[in-house]
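Q: sequence-free structure coming up:
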């Protein structure tokens, strides 16, 4: 079974190169993205939502035109290991998720998904083999429609220099930029 | 001047392939990441913050080991076109930003940064030439220390099935998952 246009072994290498290691979540994500793509018409512009910031955004970025920086991928952290791909303007698409009812016989996937054993005690080779051989069999898929407020890009409006830090920022954020309003992550 | 290990023309192609088109923001981001990397010791593990979700995350993901999905890149949307790279555990690093005081003679960069003309009226070739020839000259750099609460990964705690949708979710999120608490982006 292909992951996008890759064999599983080819995808392993692509994931190692981009993500730094062959993380189970990105490998599973490869099956999820492929499953979702097959559920969509071929001639549409696709946007994506990842329902977690963990691993899945990288599978989406590697296998679709959607990246975080081009705005076609959004992360809405709902804590679920799930993603959706949908037609950009109307929001009609498919959602693929981990289905716990389908984990019989997939001991290592269960251990990983529910964090039942510490990472150091996972049987990593067996986990990757379970994903390779049965990735799609543990997934569910459903039709979804994305709410209008989540479609398209956010308009930032006019940009001017913050009177406090002096850097350009969107005037809509307030009289000074969000960093100068106290949201800076720096000491 | 190199962008990471790429020539400007090579980086153009890498950006087109990943981001979909040679966006000025990712090209400028290439200079910003390169400038920041040079300000750091070579033998440390680096994490990254992008202060905007627009364009810069893709420059970081293309030129460093930090991706959204591996957790080494965080997006903290402050509306500023700025990024920081820092040592993972102590948070000491550098921040690179657009310096409006350095835009004299950079008409197209100014038009783009402050959105002074609609995208359709930008002189795109001249904008890219200004970035190629003077990318770093419009940047500022400063030492920063990232606050402890932004260092490392968020612990998710125990995972169990949501009693409403049936999918695995972090118990810390509440009695049901965040989607079932009303945050679902789907109709």
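A: Right, received. Where do you want to start? Please read these numbers as outputs of a predicted model, since none were measured by experiment. Numbering: from 1, shown residues only, chains lettered A, B, ... in the order given.
Q: Show residues contacting stretch A:94-112.
A: A:24, A:28, A:32-33, A:35-36, A:39-40, A:80-86, A:113, A:116-117, A:122-123, A:126-127, A:130-131, A:134, A:137-144, B:161, B:166-168, B:186 (CB atoms under 8 Å, 6 or more residues apart in numbering or on different chains). C-beta coordinates here come from the backbone N, C-alpha and C atoms, glycine included.
Q: Going through those, which ones are buried?
A: Neighbour counting over those (16 or more other CB atoms under 10 Å in any protein chain shown) leaves A:24, A:28, A:32-33, A:35-36, A:80-86, A:113, A:122, A:127, A:130-131, A:134, A:138-141, A:144, B:167-168, B:186 as the buried ones.
Q: among the residues you listed, which are in strands?
A: The members of the buried ones among the contacts of stretch A:94-112 that map onto strands under DSSP state E are A:82, A:83, A:84, A:85, A:86, A:139, A:140, A:141, A:144, B:168.
Q: Would you map out the domains in chain A?
A: Annotated domains of chain A cover A:8-150, A:155-187 [automatic domain parsing].
Q: Report pLDDT for the residue located most distally from the centre of chain A.
A: Centroid-distance maximum for chain A: residue A:163 at 36.7 Å, with CA atoms, centre = their mean. If you check residue A:163, the pLDDT there is 96.
Q: And it, how close does it get to chain B?
A: Residue A:163 is 12 Å from chain B, where distance means CB to the nearest CB, to the nearest Å.
Q: Provide a list of residues in contact with the residue nearest to that residue when sequence neighbours are not counted.
A: Residue nearest to residue A:163 in three dimensions, not counting chain neighbours: residue A:176, with 6.1 Å by CB to CB, 6 or more residues apart in numbering or on different chains. Listed by CB under 8 Å, 6+ apart, the contact set of residue A:176 reads A:162, A:163, A:164, A:165, A:169.
Q: Is it possible to get JSON lines of the ones in strands among the buried ones among the contacts of stretch A:94-112 that adds distance to residue A:55 and pLDDT?
A: Formatted as JSON lines, the entries for those read as follows, by distance: CB to CB, whole Å; pLDDT from 0 to 100:
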{"residue": "A:82", "distance to residue A:55": "12", "pLDDT": "98"}
{"residue": "A:83", "distance to residue A:55": "10", "pLDDT": "98"}
{"residue": "A:84", "distance to residue A:55": "16", "pLDDT": "98"}
{"residue": "A:85", "distance to residue A:55": "16", "pLDDT": "98"}
{"residue": "A:86", "distance to residue A:55": "20", "pLDDT": "98"}
{"residue": "A:139", "distance to residue A:55": "15", "pLDDT": "98"}
{"residue": "A:140", "distance to residue A:55": "18", "pLDDT": "97"}
{"residue": "A:141", "distance to residue A:55": "19", "pLDDT": "98"}
{"residue": "A:144", "distance to residue A:55": "21", "pLDDT": "98"}
{"residue": "B:168", "distance to residue A:55": "14", "pLDDT": "96"}
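Q: Out of the residues you listed, which two sit at the greatest distance?
A: Greatest spatial distance in those: A:86 and B:168, 22.5 Å, computed using CB to CB.
Q: thought residue A:49 was touching residue B:185?
A: Yes: when contacts are counted by CB atoms under 8 Å, residue A:49 is listed as touching residue B:185 (6.0 Å).
Q: shared neighbours of these two, which are they?
A: Common neighbours of residue A:49 and residue B:185 (CB under 8 Å, 6+ apart) are A:76, A:146, A:150.
Q: Go ahead and confirm the second one touches residue A:74.
A: No: because the distance of 9.4 Å does not satisfy CB under 8 Å, residue A:146 is recorded as not touching residue A:74.
Q: And those two? Which one has more around it.
A: Between residue A:146 and residue A:74, residue A:146 has the larger neighbour count (other CB atoms under 10 Å in any protein chain shown), namely 24 against 20.
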